[in-house]
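Visitor: Below are the sequence and a predicted model for it; my questions follow.
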Amino acid sequence: MRFLDNDESDDPILSVVNLIDLFLVVIGILMIVIVRNPLNPFTSDQVTVIENPGEADMRITIKDGETLTRYEANSQIGEGQGARMGVTYRLADGRMVYVPEEGDEQPSPQ
């Protein structure tokens, strides 16, 4: 009756079952991370993510539905086809005030 005294701790299949349980937990955690990611490919929301704000290597990622646009900052000053419309001042309490310059005309939409 030696077979009846067999201890369950010697069974090698129990180690495999424990590994499968561990992998199921890891897969569950990864699924939660994917769902909570703001750039989740399965959502159609509009999301803007700013990485390293104010730094030299700042990146802005904009997700609009299935379209993903990335802007990267560089050390050069921006340049465009606009016109100066006025001046903005920051008050001591943190509010900002826009003061249009004299002779400014409102641009006509094109």
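Guide: Arrived safely, thanks for sending.
Visitor: Show me where this protein has its helices.
Guide: 13-36 (DSSP state H).
Visitor: any weak-confidence spans in it?
Guide: 1-10, 41-42, 44, 74-80, 103-110 (pLDDT under 70).
Visitor: Now do the same contact list for residue 58.
Guide: Going by CB atoms under 8 Å, 6 or more residues apart in numbering, residue 58 touches 50, 51, 52, 72, 73. The way it works is simple: take the backbone N, C-alpha and C, and place the C-beta from them, glycine included.
Visitor: Between all of those residues, which two are at the greatest distance?
Guide: 50 and 72 (11.6 Å; CB to CB).
Visitor: list the residues that contact both of those two?
Guide: The contact lists of residue 50 and residue 72 share 58, 59, 60, where a contact means CB under 8 Å, 6+ apart.
Visitor: out of the residues you listed, who's nearest residue 86?
Guide: Comparing the shared contacts of residue 50 and residue 72 against residue 86 with CB to CB places residue 60 closest, at 25.0 Å.
Visitor: now the strands for this protein?
Guide: Taking DSSP state E, the strands of the chain run over residues 46-51, 59-64, 67-72, 86-90, 96-100.
Visitor: Adding mean neighbour count, write those strands out as TSV.
Guide: Converted to TSV, the strands of the chain look like this (neighbours: other CB atoms under 10 Å):
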stretch	mean neighbour count
strand 46-51	12
strand 59-64	15
strand 67-72	10
strand 86-90	9
strand 96-100	9
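Visitor: Columns distance to residue 16 on top of those strands, output as CSV?
Guide: As requested, these are exported to CSV (distance: least, CB to CB, whole Å):
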stretch, distance to residue 16
strand 46-51, 41
strand 59-64, 41
strand 67-72, 41
strand 86-90, 65
strand 96-100, 64
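Visitor: Just give me the residue closest to the centre of this structure.
Guide: residue 49 (4.4 Å; CA atoms, centre = their mean).
Visitor: who's in contact with that residue?
Guide: 38, 39, 60, 61, 62, 63.
Visitor: And it, how far from residue 98?
Guide: Look at residue 49 and residue 98: by CB to CB, to the nearest Å, they are 28 Å apart.
Visitor: just to revisit the earlier point, rebuild the contacts of residue 58 as CSV, extending it with distance to residue 92.
Guide: Output for the contacts of residue 58, formatted as CSV (distance: CB to CB, whole Å):
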residue, distance to residue 92
50, 27
51, 31
52, 29
72, 34
73, 29
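Visitor: Perfect, that will be all.
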